[in-house]
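Novice: let me see the structure of the following:
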Amino acid sequence: MRLKRVVHIFCMTFFLFFFTGITIGHAVLLENKSPNISNQDTGSTHFSREKEAGSDPLWLALVHYRPTITGGFRSTIDGDNFFLSESGRTDPQQELKATIQLFEGSDRDKQCLFPARYTYLKQRDLIQKDFPSCPEYEQFQKDLNPAGVTLLYTDAYMNNPSSLFGHTLFRIDIPEGRTQLVAHGMNYGAFINPDDNGILFAVLGLTGGYWGGFTVKPYYAVINMYNNIENRDIWEFKLNLTKTEQEWMVAHLWELGHTRARYYFFTRNCSYLLMEVLDAVRPSLKLADQFPVQAIPLDTLKAVSNQDHFILDTTYRPSRQKRIQEAYYAMTPTQRQLLKKRLEKPEPIQSDLSTEEKALVLETAYEYVQYQWINQDISLKEYRPQTFSLLKERRDLGYVSTPPKMIGSSPLTAHDSSAISIETGAHNGETFEEISIRPAYHSLTDPVEGLLSGAEINFLNTTVRYKNRTHRFVFQDLDLVKITSLSPWNALFHPPSFQIKTGIHRIWNPKTQKDGLVYEIKGGSGLTFRLTPTQSIYAFLNTGINGGGIMPHNFGGMIGPSFGWLYTGHKISAQIETARDFSDNEWMNQTRFSGNLSIHLKHNFDLITSYQFQDQKYHSQNTFKIGIKKFF
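Specialist: Residues are numbered from 1 along each chain as shown. Okay, here's the model as predicted:
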C-alpha cells in the first residue's frame, strides 16, 4: 500500500513536466435579508434598478463571475443547471433577467434551488412574489441551524498528491451548549475515480478532467478522516460573520451544492472556491482577486487572516498520531520499555514507576491501540480485549490526570509560499552571480514554523546564472518537482521516508571544458530517526536516470545510498548530506557531499549559504554560494 502511494505521487510529479500549465441534498430557509443591500427605493425605475443590479459586485460574486482578459465576465461554475439563461455563464445581465423571470413564474422546484438569488432580488424590489414552500430546504435549515462559520485548515498529507499543500474547508457551527462534533463540515473537492492510476490521476487533476463540488458531512466524520485516518492536524479559525451573513452563506452553499465546476489542482481547487464563497457573503473582502494564478491553501488562509478582525478565535486539534508521538517522546526510557512491553503482552504493569508515570503509559497504550484499529492494523477480535484490559487497569490506578494541552505552531506564522534568492559564489574558482525564483512552496532548511516538519515541497524552482569570466547569462537549473518526506521512525510508528526529484540541470564536461543541460529523474526511499525535537538523521537508497546530448551515449543511470543530518531551529536551519552514486556511466559514478545553512534573520527573510563537492573519475567540482532569500 505504501509503495503504491509513493508510485502515485511519483506519477503525478513526473507529469508536471508535461502539464505545467455529495451533492448537498438539503438547504437553508433564509430570512429576507442579504449582506450590504439597502431596502430603500431611490425612485429609480424597475429597468434602471435591474441594470444596476446586473453589475453589482454582490450579484457578480453570487454567480461567481470573474473578469476575463477581453473585458467581459465568465463564471467559474461549469454546471449548466446553475444558469437560467443560455448566455448566463458569460452575461451577468441576461442571467439576472432570467432569474427575475424564474421567480415571476410558477416553477417551484427550480425556484427552491436559488434561495440566495431570491433574497437578493427581493431586497432590490425586483420581484414581488413570496418565496415558495420548500420542505427539503426548510429541513436543511433545521439540521444546520447556523450559529457561526469556522474555516478549517489541515496540514499537508504527503501520501496524497492532491493534498501536498494542505486543505481547507468550512464548518457550519451550531449554537453553544452542544458539542461542535455534531456540526456540519462543508467541503469542496474533486470527484475522482478511485480506480484511476497515478498517471491518469495526474493528467486529469492538472487539466480539469475531474468535476468538483461541495459535500456536507458531520464534523465528527471530518475529524475521523483527517485527524485519525490521515493523521493530519486541524486548525479551526472562527470567522467574524453576522447572523445574516451566516444564513446567506448556507443558502448560497445550497445553490452550489446542486451544481459542479471543473477542478484544477493548482488554481480552481478546494481553497480557491472557498474564497469565492466568502466573497459572495461579503464582496468587500475581494479574496478571490488575490489568487489569479495559483491558490495554495496556506496562502488563502493568510488572506483571510489579513482581513481586519475577521478571525475571532483559533483552536488547535492535533492528530491522534501527534498526540501519541508527543506522549512517547515525553517518556523516560523506562516508560518507553514498559509501553512496548504492555502493547506486546496485555499484562498489568509491574514496576516501581509512580502512579502518574504509569497513567501516562496506560493512556498512551490505549490511544495507540485505537490508532491501530482505525488504521486496520489489528482486528476487532484483538482490539476489544486490549482496550478493555487497558481501561480496567487505568481505572484501578485511582489517579485522575489532566491531559496536557498541546500547543501547535500556527500555520499563520509560516513563511510565504513563494521565494526569490540572489546569490554570489564560485565554481572551481570561477565566480558567478545567480537568481532563483520558486513559485512554491518549502525547502528543508526554510523556517519550519507553521509547517510540517521534515516535509519539502518545491515546484518550478528556476535558476539563472551570470558567469563573470565569460560575461554571459546561462539557464542553470529548473527543478520541476522536488518532494522529500522525512517521517521519523520509532518503536510505535514505522513510516517510510521518500524523495522524488525531476528537472533540468546544467552539468560540466571535463573533457571538452564545456557545460550543457541534462534532464534528470531521481527517487529514493529510506528511514529517518529523530535525535531531538530539532534534529534528525536519515538514510536513503536512491535510483535515477539522466539524459542529454552532453553526456556520453546521451544517457546514464545510477543507484546508490545517501546519508544526511537535518537541524531545524528557530533561528538557524542546516543540512549536511553525503552520497555515493554507482553507475556504468563515468559521469554519474561519483561521490557527493553538500551542506546548506539558512539563518532566519526575520520573518520571510533568510541569509543562505551552501557548499557542494563532487568527486568523479576525471575531475572534482567545488561550488560555494552565499546570498539572501526573500519569501513573498
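Novice: how about stretch 125-143: buried residues?
Specialist: The neighbour-count check on stretch 125-143 (16 or more other CB atoms under 10 Å) flags 126, 127, 131, 134, 137, 140, 141 as buried. For every residue, glycine as well, the C-beta is placed using N, CA and C.
Novice: now render those as TSV, adding secondary structure.
Specialist: As requested, those are exported to TSV (DSSP: H, G, I helix; E, B strand; the rest coil):
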residue	secondary structure
126	coil
127	coil
131	coil
134	coil
137	helix
140	helix
141	helix
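Novice: which of those residues lies closest to residue 120?
Specialist: Minimum distance to residue 120 across the buried residues of stretch 125-143 is 8.4 Å, recorded for residue 126 (CB to CB).
Novice: OK, contacts around that closest one?
Specialist: 46, 49, 50, 53, 100 (CB atoms under 8 Å, 6 or more residues apart in numbering).
Novice: report the buried members of these.
Specialist: Buried members of the contacts of residue 126, counted by 16+ other CB under 10 Å: 49, 50, 53, 100.
Novice: just send these back as a markdown table, with secondary structure, distance to residue 241 and pLDDT too.
Specialist: Formatted as a markdown table, the buried ones among the contacts of residue 126 follow (DSSP: H, G, I helix; E, B strand; the rest coil; distance: CB to CB, whole Å; pLDDT from 0 to 100):
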| residue | secondary structure | distance to residue 241 | pLDDT |
| --- | --- | --- | --- |
| 49 | helix | 27 | 78 |
| 50 | helix | 29 | 79 |
| 53 | helix | 23 | 83 |
| 100 | helix | 28 | 96 |
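Novice: which among those gets closest to residue 582?
Specialist: For the buried ones among the contacts of residue 126, the closest approach to residue 582 (CB to CB) belongs to residue 53, at 70.4 Å.
Novice: can you put the buried ones among the contacts of residue 126 in a markdown table and add distance to residue 362?
Specialist: Compiled in a markdown table, the buried ones among the contacts of residue 126 are given as follows (distance: CB to CB, whole Å):
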| residue | distance to residue 362 |
| --- | --- |
| 49 | 69 |
| 50 | 69 |
| 53 | 64 |
| 100 | 66 |
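Novice: which two among these are spaced furthest apart?
Specialist: Longest span within the buried ones among the contacts of residue 126, CB to CB: 49 and 100, 10.5 Å.
Novice: could you check how far residue 479 is from residue 463?
Specialist: Counting by CB to CB, to the nearest Å, the separation of residue 479 from residue 463 is 8 Å.
Novice: not counting sequence-adjacent ones, nearest residue to the residue most central in space within the chain?
Specialist: By CA atoms, centre = their mean, the mean C-alpha position of the chain lies nearest to residue 166, the distance being 1.6 Å. Nearest residue to residue 166 in three dimensions, chain neighbours excluded: residue 297, at 4.2 Å (CB to CB, 6 or more residues apart in numbering).
Novice: so what does that neighbour look like in phi/psi?
Specialist: With angles defined as degrees, to the nearest 10, residue 297 sits at phi -50, psi -40.
Novice: quick one: residue 423 and residue 464 touch, right?
Specialist: No - using CB atoms under 8 Å, residue 423 is not in contact with residue 464; the gap is 11.3 Å.
Novice: pull the helix or strand with minimum mean pLDDT from the protein.
Specialist: helix 2-15 (a mean of 44; mean pLDDT, DSSP states H and E).
Novice: shaky segments in the chain?
Specialist: By pLDDT under 70, the weakly predicted segments of the chain are 1-47, 159-162.
Novice: still on that earlier bit, max pairwise distance over the buried residues of stretch 125-143: which two?
Specialist: Among the buried residues of stretch 125-143, 126 and 140 lie farthest apart (CB to CB), at 25.5 Å.
Novice: next SSE after the top strand by length along the chain?
Specialist: Longest strand in the chain, counting residues (DSSP state E): strand 514-532. Later in the chain than strand 514-532, the nearest helix or strand by DSSP states H and E is strand 535-547.
Novice: and that following strand, what's buried?
Specialist: Using 16+ other CB under 10 Å as the test for burial, strand 535-547 gives 536, 537, 538, 540, 542, 544, 545, 546.
Novice: and the contacts of stretch 418-432?
Specialist: For stretch 418-432, the external contacting residues (CB under 8 Å, 6+ apart) are 433-440, 446, 465-469, 608, 621-632.
Novice: can you give me the strands in the stretch 301-450 of the chain?
Specialist: 311-317, 419-427, 430-438, 440-442 (DSSP state E, counting those that start in this stretch).
Novice: highest mean neighbour count out of those?
Specialist: Most buried of these, by mean neighbour count (mean count of other CB atoms under 10 Å): strand 440-442, with a mean of 24.
Novice: and that one, what other elements does it pack with?
Specialist: If contacts are counted by 3 or more CB pairs under 8 Å, 6 or more residues apart in numbering; DSSP states H and E, strand 440-442 sits against strand 455-467.
Novice: out of everything not next to it in sequence, what's closest to residue 231?
Specialist: residue 321 (3.9 Å).
Novice: for that neighbour, give its distance to residue 528.
Specialist: Counting by CB to CB - residue 321 and residue 528 are separated by 15 Å.
Novice: just residue 467 next, same as before
Specialist: Distance, residue 467 to residue 528, by CB to CB: 37 Å.
Novice: neighbour-wise, which of the two wins?
Specialist: More crowded of residue 467 and residue 528, by other CB atoms under 10 Å: residue 528, with 22 against 17.
Novice: I'd like to know how far the more buried one sits from residue 537.
Specialist: 7 Å.
Novice: next: residue 499.
Specialist: Residue 499 is 15 Å from residue 537, where distance means CB to CB.
Novice: just the helices from the stretch 251-400 of the chain, written as ranges.
Specialist: Along the stretch 251-400 of the chain, counting by DSSP state H, counting those that start in this stretch, helices occupy 270-281, 297-305, 320-329, 333-344, 355-374, 380-396.
Novice: need the ones you listed in CSV with mean neighbour count, can you?
Specialist: Below are the helices of the stretch 251-400 of the chain laid out as CSV (neighbours: other CB atoms under 10 Å):
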stretch, mean neighbour count
helix 270-281, 24
helix 297-305, 22
helix 320-329, 19
helix 333-344, 16
helix 355-374, 19
helix 380-396, 14
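Novice: need the ones you listed in CSV with distance to residue 577, can you?
Specialist: Below are the helices of the stretch 251-400 of the chain laid out as CSV (distance: least, CB to CB, whole Å):
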stretch, distance to residue 577
helix 270-281, 33
helix 297-305, 27
helix 320-329, 25
helix 333-344, 29
helix 355-374, 32
helix 380-396, 41
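Novice: out of the ones you listed, which comes closest to residue 67?
Specialist: Closest to residue 67 of the helices of the stretch 251-400 of the chain, according to CB to CB: helix 270-281, at 13.1 Å.
Novice: give me the residues contacting the closest one.
Specialist: So helix 270-281 is contacted by 35, 58, 61-62, 64, 76, 116, 151, 167-170, 187-189, 212, 214, 241, 245, 248-249, 252-253, 256, 261, 285-288, 290-291, 295-297, 299-301, 303-304 (CB under 8 Å, 6+ apart).
Novice: now the buried members of those.
Specialist: 35, 58, 61-62, 64, 76, 116, 151, 167-170, 187-189, 212, 214, 241, 245, 248-249, 252-253, 256, 261, 285, 287-288, 291, 295-297, 299-301, 303-304.
Novice: inside strands: which ones of the residues you listed?
Specialist: Counting by DSSP E, those contribute 151, 167, 168, 169, 170, 187, 188, 189, 212, 214, 261 to strands.
Novice: how long is stretch 202-211 end to end?
Specialist: End-to-end distance for stretch 202-211: 14 Å, by CA to CA, to the nearest Å.
Novice: and that stretch, how far out from the chain's middle?
Specialist: Offset of stretch 202-211 from its chain centre (CA atoms, centre = their mean, to the nearest Å): 17 Å.
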